[in-house]
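[1] Got a sequence here, can you build the structure:
(one chain, ligands or ions: 1)
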Amino acid sequence: MTVTIVGAQLGDEGKGGIVDVFGEDADVVVRYQGGDNAGHTVVHDGEEFALSLIPSGIVRGKTGVLGNGCVVNPETLFEELDGLAERGLDPSLKLAARAHVILPYHRVLDGLEELAKGDELSAGTTGRGIGPTYEDKVGRRGVRIGDLLDAALLRTRLEYGLSRARRMVESFDADPDAARFEGAFDLEAVYERLVGLGERMAAAEMVVNCGEYLEARRADGARLMFEGAQGTLLDIDHGSYPYVTSSSPTAGGAAVGSGLGPGVIGEGSIVGIVKAYTSRVGTGPLPTELGHVEDQTPDGGGDRSELGSRLATQLRDAGGEYGTVTGRPRRVGWLDLPMLRHACRANGFTSIVVNHVDTMATFDRIEVGESYLLDGTELDTLPPTTERWARCEATYRTFEGWDREEFGPSMEMDYEGLPANARTYLEYIEAELGVPISAIGVGPKRRETIVRRSPWA
Ligand code: IMP
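    Coordinates of the predicted model:
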């Protein structure tokens, strides 16, 4: 049995908390795409763990797997594993031999490319080297985890990749040997370091043939959970290109990025995580945006009226929508159903979880973007180009909010215990999307997720 968890919007939907709740019944938690661009915080036994690469389930004693669709920075990998070991945990992690390695020069190229693109084209990346590593993968010049265990092969691959990366840096009018790049283009230094990291991986026996490993665990009756990072609208194919990440967070990515067939993923549950409103980090369209964020909201985007800005601040503060590392405000807006209809189709969700329902308890009235208007035509889902999406105007349906009094710690933690107006809002979403809601998040704690139906059932 498998459960695949996918972000239905633009990342930051609260996937970590749901992986935590549904992961309780999992034996293995697998990441199938992305790398250390996916910050998540897990609270276990009152202690907080901040991770960006390894699957959060590891903190609860599950086996974590980084699948072949991931890009792995080995420095981050060992920092996170050592950090957990120092705190008394004994993390169990397997690493796909086919996963690609983020090298120091990928991070440099990520930064240079973003600068060269300028405001209009840059995606506002996390700067972790994700895009350039996937570029090298598709360009058939990448270094894979398995190569780290074969020093001679590693050297051949690295020599080619690094010399090409040097030429790329020069094409940006920069000097690869400049001190600011901290030896990222120094072949001997990078090679020695990687050989050392490979030896550590070999000693820990963590490198596996991912698909084969997962199939064997499945045959033994293990329950597998696939943990998507980022979200559907950040998907390289189905997202708002070019303001996307370079991998496939959508459910299809779970098959390609793990080595199990699509039938295995499709036989299980595919759960879309929806936040009761919308947020976005970086630039790109957001038709239901309230207020605007300097340097992120595109020209002409957002509701810049006094009311729009006030509602944006209220939503941002109530939802804690500030970057965990930078503290920068995130862009926020009302729920966008055309975006969710697109996500339901692209992923084939068998159910959705609606998170942050507590955040909406601060509003007297709640709007939902029900459809779009584009050049006088009504659309119920996204147009296929980002430029057309940016020109869409949302049409709204208004709902009565729910009182803080009715909604809080004393509330019965079951569906019927929710205020009637909250249920009306949720049932409308369910009916519009044609997908059942399996759980509702009403707060950050574990017990604050109301589970209506387990995805393992
Ligand atoms: P990259 O993944 O670092 O290449 O960044 C590409 C785009 O994805 C940028 O707009 C990032 O802000 C966004 N992004 C990457 N990871 C996350 C995430 O975990 N949450 C939200 N946005 C993300």
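[2] Tell me the residues of the stretch 51-200 of the chain that contact the ligand?
    Contact residues, the stretch 51-200 of the chain versus the ligand (CB under 6 Å from any ligand atom): 123-126, 128, 130-131. Any C-beta I mention is one placed from the backbone N, CA and C, and that applies to glycine too.
[3] now those residues: which count as buried?
    Among these, those classed as buried by neighbour count (16 or more other CB atoms under 10 Å) are 123, 125-126, 128, 130-131.
[4] Can you pick out the most distant pair from those residues?
    The span of these, defined through CB to CB, is set by 123 and 128 at 12.4 Å.
[5] need the helices for the chain, in chain order.
    Under the criterion DSSP state H, the chain contains helices at 15-23, 74-86, 104-121, 130-138, 151-171, 187-203, 210-219, 252-256, 262-267, 306-319, 337-347, 386-390, 420-433.
[6] residues making contact with the helix or strand bottoming out on mean pLDDT in the chain?
    Within the chain, no helix or strand scores below strand 40-44, which has a mean of 79 by mean pLDDT, DSSP states H and E. Applying CB atoms under 8 Å, 6 or more residues apart in numbering, the contact partners of strand 40-44 are 15-16, 20, 48-52, 56, 59-60, 324, 445.
[7] do that again at 7 Å, thanks
    Residues from elsewhere that reach strand 40-44 (CB atoms under 7 Å, 6 or more residues apart in numbering): 16, 20, 48-51, 56, 59-60.
[8] start to end distance for stretch 318-330?
    End-to-end span of stretch 318-330 (CA to CA, to the nearest Å): 12 Å.
[9] Show me which positions of that stretch end up buried.
    Under 16+ other CB under 10 Å, the buried positions of stretch 318-330 are 318-319, 321, 329-330.
[10] Which segments of this structure make up each domain?
    2-95+208-272, 101-201, 273-451 (automatic domain parsing).
[11] ranking those by burial, who's on top?
    Among the domains of the chain, ranked by average contacts under mean count of other CB atoms under 10 Å, first place goes to domain 2-95+208-272 (a mean of 22).
[12] for the stretch 101-250 of the chain, which spans come out with low pLDDT?
    For the stretch 101-250 of the chain, no stretch is flagged by pLDDT under 70.
[13] quick one, which residue of the protein lies the farthest from its center?
    Of all residues in the chain, residue 152 sits farthest from the chain's C-alpha centroid, using CA atoms, centre = their mean; the distance is 35.1 Å.
[14] from the contacts of strand 40-44, which single one is nearest residue 393?
    Looking across the contacts of strand 40-44 and measuring by CB to CB, the closest to residue 393 is residue 16, at 33.1 Å.
[15] For the closest one, give me its contacts.
    40-42, 56 are the contacts of residue 16 under CB under 7 Å, 6+ apart.
[16] change it to 6 Å
    Residues counted as contacts of residue 16 (CB atoms under 6 Å, 6 or more residues apart in numbering) are 40, 56.
[17] What confidence value was assigned to it?
    pLDDT, residue 16: 89.
[18] likewise residue 375?
    96.
[19] For the residue in the stretch 1-150 of the chain that the ligand sits nearest to, what are phi and psi?
    Nearest residue of the stretch 1-150 of the chain to the ligand: residue 11, at 2.7 Å (CB to the nearest ligand atom). Main-chain dihedrals, residue 11, degrees, to the nearest 10: phi 80, psi 170.
[20] from what I can see it touches residue 231, true?
    Yes: counting by CB atoms under 6 Å, residue 11 sits close enough to residue 231 to count as a contact (4.4 Å).
[21] can I assume residue 240 is in contact with residue 384?
    No: in this structure, residue 240 is not within contact of residue 384 by CB under 6 Å, at 10.5 Å.
[22] so can I have JSON lines of the domains of the chain showing distance to residue 457?
    Formatted as JSON lines, those follow (distance: least, CB to CB, whole Å):
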{"stretch": "domain 2-95+208-272", "distance to residue 457": "9"}
{"stretch": "domain 101-201", "distance to residue 457": "35"}
{"stretch": "domain 273-451", "distance to residue 457": "9"}
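[23] Kindly indicate which of the buried residues of stretch 318-330 lies nearest the ligand.
    residue 330 (8.5 Å).
[24] How about that closest one, nearest residue that isn't a chain neighbour?
    Once flanking residues are discounted, residue 330 sits nearest to residue 321: 4.2 Å by CB to CB, 6 or more residues apart in numbering.
[25] Residue 123 too?
    residue 243 (4.9 Å).
[26] same deal with residue 370?
    Counting by CB to CB, 6+ apart, residue 370 lies nearest to residue 397, which is 4.7 Å off, once chain neighbours are set aside.
[27] For that neighbour, give the beta-bridge partners.
    Under the criterion DSSP bridges, residue 397 forms beta bridges with residue 368.
[28] Am I right that it is in contact with residue 369?
    No: using CB under 6 Å as the test, residue 397 is too far from residue 369 to be in contact (8.5 Å).
[29] Now do the contacts for the most centrally placed residue in the chain.
    Among the residues of the chain, the one closest to the centroid is residue 230, at 1.6 Å (CA atoms, centre = their mean). By CB under 6 Å, 6+ apart, the contact list for residue 230 reads 11, 34, 245, 249.
[30] Tell me which two in these are the farthest apart.
    11 and 34 (9.8 Å).
[31] Tell me the confidence at the residue lying closest to residue 417 once chain neighbours are set aside?
    Of all residues beyond its chain neighbours, the one nearest residue 417 is residue 411 (5.0 Å), with distances taken as CB to CB, 6+ apart. Here, the pLDDT recorded for residue 411 equals 75.
[32] so how far is residue 6 from residue 411?
    Going from residue 411 to residue 6 by CB to CB, to the nearest Å gives 28 Å.
[33] do residue 97 as well
    Taking CB to CB, one finds residue 97 at 25 Å from residue 6.
[34] Close to the ligand: what parts of the stretch 251-400 of the chain are there?
    Residues of the stretch 251-400 of the chain lying near the ligand (CB under 6 Å from any ligand atom): 281-282.
[35] Without its sequence neighbours, what residue ends up closest to the residue of the stretch 251-400 of the chain found nearest the ligand?
    Using CB to the nearest ligand atom, the closest approach of the stretch 251-400 of the chain to the ligand is made by residue 282 at 3.3 Å. Nearest non-adjacent residue to residue 282, counting by CB to CB, 6+ apart: residue 124, 2.8 Å away.
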